[in-house]
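Undergrad: Could you work out the structure for the sequence below:
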Amino acid sequence: MHLNREITTRMASHDKRITKPRTSERRSPRSQRTRDAIVVALLDLVQEGEMRPTAVEIARRANISRRTLFKHFPQTELLRAAAVESAIGGQISEFGRLSVEFSGPFPRRLAAFVDYRTKLLERVTMLRRAALVFEPFSKRIAQGVERAIRESRREVALVFAKELTKLEPVRRRETLAALSATCSWPYWNALRQQQQLSRAASRRTVAYVVKCLLRGRD
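TA: From the prediction side, this is the model:
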């Protein structure tokens, strides 16, 4: 079985929207649609650069009243947590969508994976920056971020399993840790924001580091 199928199987159990209620707290379809609209409104505002939108701005974007907003989310923390969890759930659902034969040549896998992963990291940048703002004050958000990190690491391990299995255990563990860090959002954000590299330059940097970790500088 190709590893891309294995990834898809592993990720299939994750809901694309984490904001769906648990069995014990079922809501009516109308209530759920309103709740989803509020979450989407907040996410859209954050994506546009408004890191701390007001209740008025969120309600206006969702086309509802402030009263309805607070009915569904009486505490700001609950709305922030639901939004970030939904965003992270969306990011996790993206894992495993890389269309490449993972048993194929390393250069092809490397190019396909880096292209796919860096596009994903760029797309979730504003949402992850928002998560940084809220994470210290929310256990749920922190848990969501940790989950995304675990799934990201798992995918890296599957994509480059052919190379990693050739390493002895300690070296394999350390190399996987380095690969995971290189392909993570914090690393991407450091290249884009702190080092002020373009998307293309950042992508080349990630590809170069991954190649060096697995193949050296040959």
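
Undergrad: Isn't residue 106 up against residue 210?
TA: No - counting by C-beta atoms under 8 Å, residue 106 does not reach residue 210; the two are 10.0 Å apart. Every C-beta, even on glycine, is put in place using the N, C-alpha and C of the backbone.

Undergrad: Tell me which of these two has more neighbours.
TA: Neighbour count, other C-beta atoms under 10 Å: between residue 106 and residue 210, residue 210 has more, with 22 against 13.

Undergrad: Can you identify each of the helices in this protein by residue range?
TA: 3-11, 29-47, 55-62, 66-72, 76-94, 106-123, 125-134, 139-159, 161-164, 169-182, 185-189, 199-215 (DSSP state H).

Undergrad: Deepest-packed of those, please.
TA: Mean neighbours per residue, mean count of other C-beta atoms under 10 Å, is largest over the helices of the chain for helix 76-94, with a mean of 21.

Undergrad: about what we covered before: mean pLDDT lowest where, among the helices of the chain?
TA: Mean pLDDT is lowest for helix 3-11 among the helices of the chain, at a mean of 36.

Undergrad: Could I get the contacting residues of residue 58?
TA: 38, 41, 42, 45, 69, 79 (C-beta atoms under 8 Å, 6 or more residues apart in numbering).

Undergrad: Nearest to residue 122, out of those residues: which one, please.
TA: Lowest distance from residue 122 to the contacts of residue 58 (C-beta to C-beta) belongs to residue 45, with 18.8 Å.

Undergrad: before we move on, back to that, for the contacts of residue 58, work out which two are farthest apart.
TA: 45 and 69 (12.9 Å).

Undergrad: gap between residue 216 and residue 209?
TA: Relative to residue 209, residue 216 is positioned 12 Å away (C-beta to C-beta, to the nearest Å).

Undergrad: tell me, what's touching those two both at once?
TA: Joint contacts of residue 216 and residue 209 (C-beta under 8 Å, 6+ apart) do not exist.
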